[in-house]
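J.: Fold the following for me, if possible:
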Amino acid sequence: MLKNTISYAGENILTVYHKGFDEDVKNRHLKTKEKLGRFQLIFEEKVVPDEEVENISYNGWKMEGLLSQGAVLNPYRKGACAFVEQFISLDKPRRLFSNTEEYSLKVDVPTFQQICSFIEKYIGIDLLKAPLCFGNTFIYEYSPRNFHAYKEDGIVVSNKRHCDTIIVNFKKDDLVVCTKIIHTTNFPQEEDIIILSTSSWNNYDIELYADGKLIYFDKDTYFMRSLKINATIGRQGHTIPLKNLGKEFKTMNSGKEQIITNITSENKTFEELKIKHSESNIRRRLNEEEVDDSFLFIKPNEVQKAMDFIKKELEKPCKEIWFFDSYFSDRNGVNYSIDLIRIFAFCHAEEKHIIFHNNPKKTEHNPISAAEFATIAKQDSVIQSLKGTEPLKIQFYQTKQRIHDRFLFIIDKEGFITGITIGTSLNSLDSNYFCMYKLYKGTARHVFEELKKFTILPHIVEKSTI
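T.: Predicted coordinates:
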């Protein structure tokens, strides 16, 4: 039996056993190290006695079953299905996780990603998609199978490995057109089995059973029957030197040569090809017309449309709200600013932050300071009548540096960040052509963490809280 282990900072974080590789690897013993920050990541592989798995210790539970090709926890990926026994440990690696009310990452996300990448490289499983499998022990037994097409009539299944029953569903796209159930006891061992369809097909599903158990399955398997090459060959263009927009810009020559080649073994009528090609073009046209709800284009006099987009973000349950608009303090647009302060006053977030910039070289514009915004908010009649003297939990920041784009970020109680970019200032939502985009996942976090640096000393001129 082959044993793989991964350790980080001297702690074992993953153990994997592979059955059936003894003859292939003999007495191999491999060890690979990689430096990650202050610690070492180590992959070790060696042959161990089969009896070792009888002494696996765990304090959770055990799961077992068959993994499909390409499953996240299948180390053989597209090479084979895999039967797996997974022993769940509730004691997760202390270097990676904190265990309080729930498990949480102790290392930063880039470090965790690098560890997962190392594991995928040397073992083949993707723990980014199953992070709490760290600390568990896996026993794998692979189940490879070989198939190939038999002309256009069916498939050939290798019978070199034991199985009792083969079930094949031949399909035309999503339509099952023929089902074949084959009992292999009627065929000599080692002899390939030809399974034919009674109808035209272009893909199939297959299941193999041995001793009443599923040992292999695959769905939507296609064989290449046609190949269309549509290529454009561009001739050498020009290199244009630049002054400020980088060093140079390379262009392709307008002269092109297009090559279209169609190689096919499919016997389709002109009408069938016409329908297939036309349907593909119509689907493409329909897809192009689908509304992208992560993007919004705003024209003058569409302020309500813009505010509806912003409102969807503000309605999310959250812990913190951050709004960045360098022109928020423009005195000519103070009514827009007051409107947003009123909205923030009634949002249920624990913290609300508004960040803006006053250009010291343009004092004639008399922008509003952070302290003055606090006074304006206290004296606002709407806020007074509905909130009284209750704290608004709004902080105003006047930064030393202007941030060109405008951003709204929402941070929920688990620390996940979403946001939107706004292509114009709050005071011109109803008078400009601009776009608004949603920011998700790592992108939102990366942008927010960069911009948040402007809200601490020495990057702020003034800060006020109400």
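J.: And the helix or strand hosting residue 44, what does it pack against?
T.: Residue 44 belongs to strand 39-47 when elements are defined using DSSP states H and E. With contacts taken as 3 or more CB pairs under 8 Å, 6 or more residues apart in numbering; DSSP states H and E, strand 39-47 sits against strand 2-8, strand 29-36, helix 109-122. (Each C-beta comes from the backbone N, C-alpha and C, glycine too.)
J.: what's the angle from the last one to strand 2-8?
T.: Right, helix 109-122. Regarding helix 109-122 and strand 2-8, their directions subtend 160 degrees when assessed with axes from the mean of the first three to the mean of the last three CA atoms, to 10 degrees.
J.: any chance you could map the strands in the stretch 101-250 of the chain?
T.: Remark: strands of the stretch 101-250 of the chain, listed N- to C-terminal, are 103-105, 137-143, 147-150, 154-157, 165-172, 175-183, 193-196, 203-210, 213-222, 226-234, 239-241, 248-250; assignment by DSSP state E, counting those that start in this stretch.
J.: circling back: reformat the helices and strands packed on strand 39-47 into TSV and put distance to residue 381 and mean neighbour count next to each item.
T.: Below are the helices and strands packed on strand 39-47 laid out as TSV (distance: least, CB to CB, whole Å; neighbours: other CB atoms under 10 Å):
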stretch	distance to residue 381	mean neighbour count
strand 2-8	59	20
strand 29-36	58	12
helix 109-122	46	17
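J.: can you put these in a markdown table and add distance to residue 380?
T.: Listed next are these as a markdown table, based on distance: least, CB to CB, whole Å:
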| stretch | distance to residue 380 |
| --- | --- |
| strand 2-8 | 54 |
| strand 29-36 | 53 |
| helix 109-122 | 41 |
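J.: Tell me which stretches of this protein form helices.
T.: When secondary structure is read from DSSP state H, the chain shows helices at 22-25, 109-122, 270-288, 303-314, 334-345, 370-379, 381-387, 441-452.
J.: Quick one: closest of those helices to residue 51.
T.: Within the helices of the chain, the stretch nearest residue 51 is helix 22-25; the backing value is 13.1 Å (CB to CB).
J.: What separation do you get for residue 377 and residue 408?
T.: Counting by CB to CB, to the nearest Å, the gap from residue 377 to residue 408 is 18 Å.
J.: same deal with residue 450?
T.: Going from residue 450 to residue 408 by CB to CB gives 15 Å.
J.: returning to that earlier point: so for residue 2, which of the strands of the stretch 101-250 of the chain sits nearest?
T.: Between residue 2 and those, the shortest gap by CB to CB is with strand 137-143, which sits at 9.3 Å.
J.: and the closest one, average pLDDT?
T.: Confidence over strand 137-143 (mean pLDDT, whole number) is 93.
J.: what's in contact with it?
T.: For strand 137-143, the surrounding residues in contact (CB atoms under 8 Å, 6 or more residues apart in numbering) are 15-20, 53, 56, 58, 66, 73, 75-76, 79-87, 89, 125, 161, 215-216.
J.: switch to 7 Å and redo it
T.: Contacts of strand 137-143 from elsewhere in the structure, counted by CB atoms under 7 Å, 6 or more residues apart in numbering, are 15-20, 53, 56, 58, 75-76, 80-87, 215-216.
J.: how far off strand 2-8 does that strand point, in degrees?
T.: Going by the same axes, to 10 degrees, strand 137-143 makes 140 degrees with strand 2-8.
J.: tell me how far strand 137-143 is from the chain's mean position?
T.: With CA atoms, centre = their mean, to the nearest Å as the basis, the distance from the averaged C-alpha position of strand 137-143 to the chain average is 27 Å.
J.: again, but for stretch 317-332
T.: Centroid displacement of stretch 317-332 relative to its chain, using CA atoms, centre = their mean, is 29 Å.
J.: What mean pLDDT does it get?
T.: Per-residue pLDDT values across stretch 317-332 average out to 94.
J.: Let the chain start at 316 from now.
T.: Yes, from this point I'll number from 316; that puts the last item at stretch 632-647.
J.: Dump the C-alpha coordinates for that stretch into PDB.
T.: Backbone C-alpha positions of stretch 632-647 (Å, rounded to 0.1, in the frame of the first residue of the first chain) are rendered in PDB as follows:
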ATOM      1  CA  PRO A 632     -27.400  42.200   6.700                       C
ATOM      2  CA  CYS A 633     -24.100  43.700   7.600                       C
ATOM      3  CA  LYS A 634     -21.700  44.700  10.300                       C
ATOM      4  CA  GLU A 635     -19.900  47.600   8.500                       C
ATOM      5  CA  ILE A 636     -20.700  50.000   5.600                       C
ATOM      6  CA  TRP A 637     -17.900  52.000   3.900                       C
ATOM      7  CA  PHE A 638     -18.500  54.700   1.300                       C
ATOM      8  CA  PHE A 639     -15.600  56.300  -0.600                       C
ATOM      9  CA  ASP A 640     -16.400  59.500  -2.600                       C
ATOM     10  CA  SER A 641     -13.800  62.200  -2.800                       C
ATOM     11  CA  TYR A 642     -16.400  64.800  -3.900                       C
ATOM     12  CA  PHE A 643     -18.800  64.000  -1.100                       C
ATOM     13  CA  SER A 644     -17.900  67.300   0.600                       C
ATOM     14  CA  ASP A 645     -18.700  69.500  -2.300                       C
ATOM     15  CA  ARG A 646     -20.800  72.200  -0.800                       C
ATOM     16  CA  ASN A 647     -22.800  72.600  -4.000                       C
END
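J.: close enough to count as contact, residue 516 and residue 487?
T.: Yes: between residue 516 and residue 487 a contact is recorded at 5.6 Å, counting by CB atoms under 7 Å.
J.: For the two, indicate the residue with more neighbours.
T.: Set side by side, residue 516 and residue 487 give different neighbour counts by other CB atoms under 10 Å, the larger being at residue 516 (21 against 14).
J.: And the more buried one, its phi and psi?
T.: The main-chain torsion angles of residue 516 are listed as degrees, to the nearest 10 and equal phi -150, psi 160.
J.: got any ranges where the stretch 666-781 of the chain has weak pLDDT?
T.: Residue ranges of the stretch 666-781 of the chain with pLDDT under 70: 677-680.
J.: now do 90
T.: Where the stretch 666-781 of the chain drops to pLDDT under 90, the residues are 673-681, 701-705, 729-730, 755-757.
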